[in-house]
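>>> This is the structure alone, sequence omitted:
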Ligand code: PBG
Ligand code: ZN
């Protein structure tokens, strides 16, 4: 390898067009998945305070939003539901006329060219806010898995295109795959939240989904933030159990995990830029401390550079607008 002065790294950085030519990572609209929060009622479009630009929407409003998302060229949404009432066993999660089931049917009937992903977990539906059924203060694994499989099937029956279990119970991917196949949904992919950490970055989401646990925390099922090798084991298990797409969550503080998962397995890999990551960038931008658009794009490109093929992000619409603008500049 030649040394300075033969080698000059800056040669490729002077001309913006040359910089464009040598750029390694380009964020596309196809990389984006937009999370949405559905609530009961009509004409509801209620801002979520800790997440500027994100709203609680009733199904009628959600349909219009989904049309807009599809028109922007974003291929997919992921739905989170806030049920009208919660109980000990989260029965709203697997009710045929539950909030998500109704939303999916309505979107599928009214919006073309949009992939509808549903988040499968119990915490939005249980009165105690835990991700499964309890015995005392213990979250029961195997009993919860049965309910998650029911929830997944009910989402598929409503028309969901991809099922995304976010609960981190053991054995749930296999149970969900078997139930989906048994009910005739053998071609519905599973996007598994495979390496999901017990993270402080979920704060704004728990306010938005009204899913803060009434006691304790999620450390008995979500991963310890200090562990990397364990993520590889988690992902390997989910792949063996039938996951088609594996997810790492959160994203920005876990780029090493995204990188390792993609390198090791080569499966379609998703990363969830979670509510706290979004809120931090928004808050700093609102204070004028950072250039919000620039940091948004930087954070997304970094997640893709690490190895993510798709990014679940509350920035999806804003990023798509910028991508659309750039494309039209380049094309015309
Ligand atoms: C449900 C779920 C959570 C998120 C996605 N699915 C919250 C949690 O595990 O407490 C977090 C998403 C976000 O913070 O944007 N289990
Ligand atoms: Zn949960």
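Perfect, I can see it now. Note that this is a predicted model, so its numbers are computed, not measured. Ligands and ions are numbered 1, 2, ... in the order given.
>>> drop to CA atoms for contacts and neighbour counts, all remaining ones
Fine.
>>> Would you mind measuring from the residue lying closest to residue 151 once chain neighbours are set aside to residue 293?
Nearest non-adjacent residue to residue 151, counting by CA to CA, 6 or more residues apart in numbering: residue 94, 4.2 Å away. Going from residue 94 to residue 293 by CA to CA, to the nearest Å gives 39 Å.
>>> of these two, who's got more company?
residue 94 (23 against 16; other CA atoms under 10 Å).
>>> Please give me every residue in contact with residue 265.
residue 236 (CA atoms under 8 Å, 6 or more residues apart in numbering).
>>> Mind checking if stretch 248-263 is in reach of ligand 1?
No: judged by CA under 6 Å from any ligand atom, stretch 248-263 stays clear of ligand 1, getting no closer than 7.7 Å.
>>> For the residue nearest to residue 151, give me its contacts.
Contacts of residue 94 by CA under 8 Å, 6+ apart are 147, 150-152, 154-155.
>>> counting contacts, what elements does the helix or strand hosting residue 181 pack onto?
Using DSSP states H and E, residue 181 maps to helix 172-182. Where contact means 3 or more CA pairs under 8 Å, 6 or more residues apart in numbering; DSSP states H and E, helix 172-182 is packed against helix 141-158.
>>> I'd like the next helix or strand past the helix it packs on.
Counting by DSSP H and E, the next helix or strand C-terminal to helix 141-158 is strand 162-165.
>>> Other residues contacting that next one?
115-121, 148, 152, 155-156, 172-173, 188-193.
>>> What helix or strand is residue 247 located in?
strand 245-249.
>>> Sheet-wise, list the partners of that strand with their directions.
strand 191-196 (parallel), strand 269-273 (parallel) (DSSP bridges).
>>> Just put those in CSV and tack on mean neighbour count.
Formatted as CSV, the strands paired with strand 245-249 follow (neighbours: other CA atoms under 10 Å):
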stretch, mean neighbour count
strand 191-196, 28
strand 269-273, 26
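>>> For ligand 2, which of these is the nearest?
strand 191-196 (10.5 Å; CA to the ion).
>>> which residues touch that closest one?
By CA under 8 Å, 6+ apart, strand 191-196 touches 162-168, 173, 222-223, 231-232, 234-235, 238, 243-250.
>>> Any of the residues you listed buried? List them.
Among those, those scoring as buried are 162-168, 173, 222-223, 231-232, 234-235, 238, 243-250 (criterion: 16 or more other CA atoms under 10 Å).
>>> contacts for the strand holding residue 247?
By CA under 8 Å, 6+ apart, strand 245-249 touches 189-197, 235, 238-239, 254, 257-258, 267-274.
>>> Looking at the strand or helix carrying residue 104 now, give me its mean pLDDT.
Taking DSSP H and E as the criterion, residue 104 maps to helix 99-110. In this model, helix 99-110 has a mean pLDDT of 98.
>>> Contact partners for the residue in the stretch 151-300 of the chain positioned nearest to ligand 2?
At 4.8 Å from ligand 2, residue 167 is the closest residue in the stretch 151-300 of the chain, using CA to the ion. When contacts are counted by CA under 8 Å, 6+ apart, residue 167 touches 120-122, 131-132, 193, 221-222.
>>> That one falls within a helix, correct?
No: looking at residue 167 with DSSP: H, G, I helix; E, B strand; the rest coil, it is coil, so not inside a helix.
>>> Would you mind measuring from it to residue 132?
8 Å.
>>> where do the contact lists of these two overlap?
Contacts common to residue 167 and residue 132, judged by CA under 8 Å, 6+ apart, are 121-122.
>>> if we can go back for a sec, also within reach of ligand 2: list those from the contacts of strand 162-165.
residue 121 (CA under 5 Å from the ion).
>>> follow-up on the earlier one: narrow the contacts of residue 167 to those in helices?
Nothing among those maps onto helices, per DSSP state H.
>>> what would these look like in CSV with pLDDT and distance to residue 37?
Formatted as CSV, the contacts of residue 167 follow (pLDDT from 0 to 100; distance: CA to CA, whole Å):
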residue, pLDDT, distance to residue 37
120, 98, 14
121, 97, 14
122, 97, 15
131, 96, 17
132, 96, 20
193, 98, 18
221, 94, 24
222, 96, 22
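>>> How confident was the prediction at the residue of the stretch 151-300 of the chain closest to ligand 2?
At residue 167, pLDDT is 96.
>>> pretty sure residue 31 contacts residue 310?
Yes: counting by CA atoms under 8 Å, residue 31 does reach residue 310; the two are 4.3 Å apart.
>>> Let me see the ranges of the helices in the chain.
16-22, 59-72, 99-110, 141-158, 172-182, 203-208, 229-240, 255-265, 275-286, 292-306, 316-331.
>>> The first one: how far from the chain's middle?
Shown here is helix 16-22, whose average C-alpha point lies 32 Å from the average C-alpha point of the whole chain (CA atoms, centre = their mean, to the nearest Å).
>>> can you check stretch 7-23 too?
On CA atoms, centre = their mean, the centre of stretch 7-23 falls 34 Å from the chain's centre.
>>> what about residue 236, neighbour count?
Residue 236 has 17 neighbours, counted by other CA under 10 Å.
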